[in-house]
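>>> need coordinates for the following:
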Amino acid sequence: MTGVHHLALRAAHVEALAAFYVAIFRLDELDRQSDEQGVRSIWLGLGEAILMIERRTADEPAPDPRSREVQIFSGTKQDRLDLEERLAAAGLSPAFRSPYTTYFRDPEGRLTGLSHYPDK
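Here you go, the predicted structure:
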């Protein structure tokens, strides 16, 4: 294995979730696909990978907000401090922290974080 090609997050509100990841992680929009129901997916640049925000179907369950499954993005210690400032500006608080990682819930309830391990 050589890396991650893409992560696909299923969302009830594609544009809102994509806007959250753009604002919090400073990601760039790469592509957007629509159909007769509206925006179907938005692709965001994530280093060498792509973060795909995709519309979930009506019968597809939302992420369980009690789940400890987590997606952790990498960055520097300063990136983590900046992220915490952006979360606070958005009225959000970290769910918890470790010495190297800040964890929070995205608008769909998915546990997400940013880590600078080892101490970069």
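
>>> which residues touch stretch 88-103?
23-24, 70, 72, 80, 83-84, 87, 104-105, 111-119 (Cβ atoms under 8 Å, 6 or more residues apart in numbering). Quick note: C-beta positions are derived from backbone N, CA and C, even for glycine.

>>> kindly apply the preceding question to stretch 110-120 instead.
9, 25, 63, 67-77, 79-80, 83, 95, 100-106.

>>> for it, buried residues please.
110-116 (16 or more other Cβ atoms under 10 Å).

>>> so of those residues, which ones are in strands?
111-115 (DSSP state E).

>>> so can I have a markdown table of these showing pLDDT?
Below are those laid out as a markdown table (pLDDT from 0 to 100):
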| residue | pLDDT |
| --- | --- |
| 111 | 96 |
| 112 | 96 |
| 113 | 96 |
| 114 | 97 |
| 115 | 96 |
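
>>> and which of these is nearest to residue 39?
Checking those against residue 39 with Cβ to Cβ, the nearest one is residue 112 at 20.9 Å.

>>> tell me where this structure has strands.
Counting by DSSP E, the segments of the chain that form strands are 6-11, 29-35, 38-46, 49-55, 71-74, 96-97, 101-105, 111-115.

>>> quickly run through the sheet partners of the second one, with directions.
The sheet places strand 29-35 alongside strand 38-46 (antiparallel), with pairing taken from DSSP bridges.

>>> mean confidence for the partner strand?
Mean per-residue pLDDT for strand 38-46: 97.

>>> how does this protein divide into domains?
1-58, 65-120 (automatic domain parsing).

>>> about what we covered before: distance to residue 18 for the strands of the chain - can I get that in TSV?
Listed next are those as TSV, based on distance: least, Cβ to Cβ, whole Å:
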stretch	distance to residue 18
strand 6-11	8
strand 29-35	7
strand 38-46	4
strand 49-55	4
strand 71-74	15
strand 96-97	25
strand 101-105	16
strand 111-115	14
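
>>> go through the ones you listed and name the closest to residue 17.
strand 6-11 (4.2 Å).

>>> packing partners for the closest one?
Applying 3 or more Cβ pairs under 8 Å, 6 or more residues apart in numbering; DSSP states H and E, we find strand 6-11 packed against strand 38-46, strand 49-55.
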